[in-house]
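Trainee: with the sequence up front, the predicted model follows.
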Amino acid sequence: MEKDAFLTIEEVWETLRKVQDPEIPVLSLVDLNVVREVKVDGSSVTVRLVPTFAGCPAMDAMRREVERRLAEMGFGNVSVHVDRTASWSTENLSAEAADNLRSFGIAPPPTKGESLNDTLSKPVPCPFCGSFNTHADGEFGSTLCKQYYLCTSCRQSFERFKPL
């Protein structure tokens, strides 16, 4: 149902801050920097999304949820484009997003080093106890963007968000 009053770009961003990543529900699409651009023109809204991975299986679900939320706001014309040409990086995650990942039991990605080997060789702190006495327990986690680890201090298994 279309509303009479035009909605602002700030209202759209506020709504998008509430759209959670379907695979990591403590992060919104805005926290992840998946939402890159919003344009509002009267009762029309256009949003550009950038996937975290080229083959991200959750991208279609994200797009549909953004469309649904914006339609509920009252926009008569909602257009959501997935930009597969733009690159996404874990460097775009904020300190708050990293804290949210830790609180959910996921180790945030490390900051990028001089090389991929340097980045991947950085110790991975356990999100539960903070110990660096951890080791990889598989190449992949429950999703493509995560990897399983085991903490030998608190004996918890956890996932680390892979650095990109």
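Mentor: Arrived safely, thanks for sending. Because the structure is a prediction, the values reported are computed rather than measured. Residues are numbered from 1 along each chain as shown.

Trainee: any idea which residue is closest to the centre of the protein?
Mentor: Ranked by distance to the mean C-alpha position of the chain (C-alpha atoms, centre = their mean), the top residue is L32 at 3.2 Å.

Trainee: residue contacts, that residue?
Mentor: Contact analysis of L32 by C-beta atoms under 8 Å, 6 or more residues apart in numbering lists D21, I24, T52, N92, L93, A97. In this view, the C-beta of every residue, glycine as well, is placed from N, C-alpha and C.

Trainee: distance from the chain centre to the lengthiest helix in the chain, please.
Mentor: As assigned by DSSP state H, the longest helix anywhere in the chain is helix 59-73. Relative to its chain's centre, helix 59-73 lies at 15 Å (C-alpha atoms, centre = their mean, to the nearest Å).

Trainee: alpha carbons only: can I get that helix in CSV?
Mentor: The C-alpha trace of helix 59-73 is given here as CSV (Å, rounded to 0.1, in the frame of the first residue of the first chain):
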residue,chain,number,x,y,z
MET,A,59,22.1,-13.1,-1.7
ASP,A,60,18.7,-13.9,-3.1
ALA,A,61,17.2,-14.1,0.3
MET,A,62,18.8,-10.8,1.2
ARG,A,63,17.5,-9.1,-1.9
ARG,A,64,13.9,-10.4,-1.3
GLU,A,65,14.0,-9.2,2.3
VAL,A,66,15.1,-5.7,1.3
GLU,A,67,12.4,-5.6,-1.3
ARG,A,68,9.8,-6.7,1.3
ARG,A,69,10.8,-4.2,4.0
LEU,A,70,10.9,-1.3,1.5
ALA,A,71,7.5,-2.3,0.1
GLU,A,72,6.1,-2.4,3.7
MET,A,73,7.4,1.1,4.2
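
Trainee: contacts for that helix next, please.
Mentor: For helix 59-73, the external contacting residues (C-beta under 8 Å, 6+ apart) are 3, 7, 11-12, 15-16, 18-19, 21-22, 29, 34-35, 45, 47, 49, 51, 78, 80, 82.

Trainee: which parts of the lowest-mean-pLDDT helix or strand in the chain are buried?
Mentor: Lowest on mean pLDDT, DSSP states H and E among the helices and strands of the chain sits helix 116-120, with a mean of 87. For helix 116-120, the buried set under the neighbour-count rule, 16 or more other C-beta atoms under 10 Å, comprises T119.
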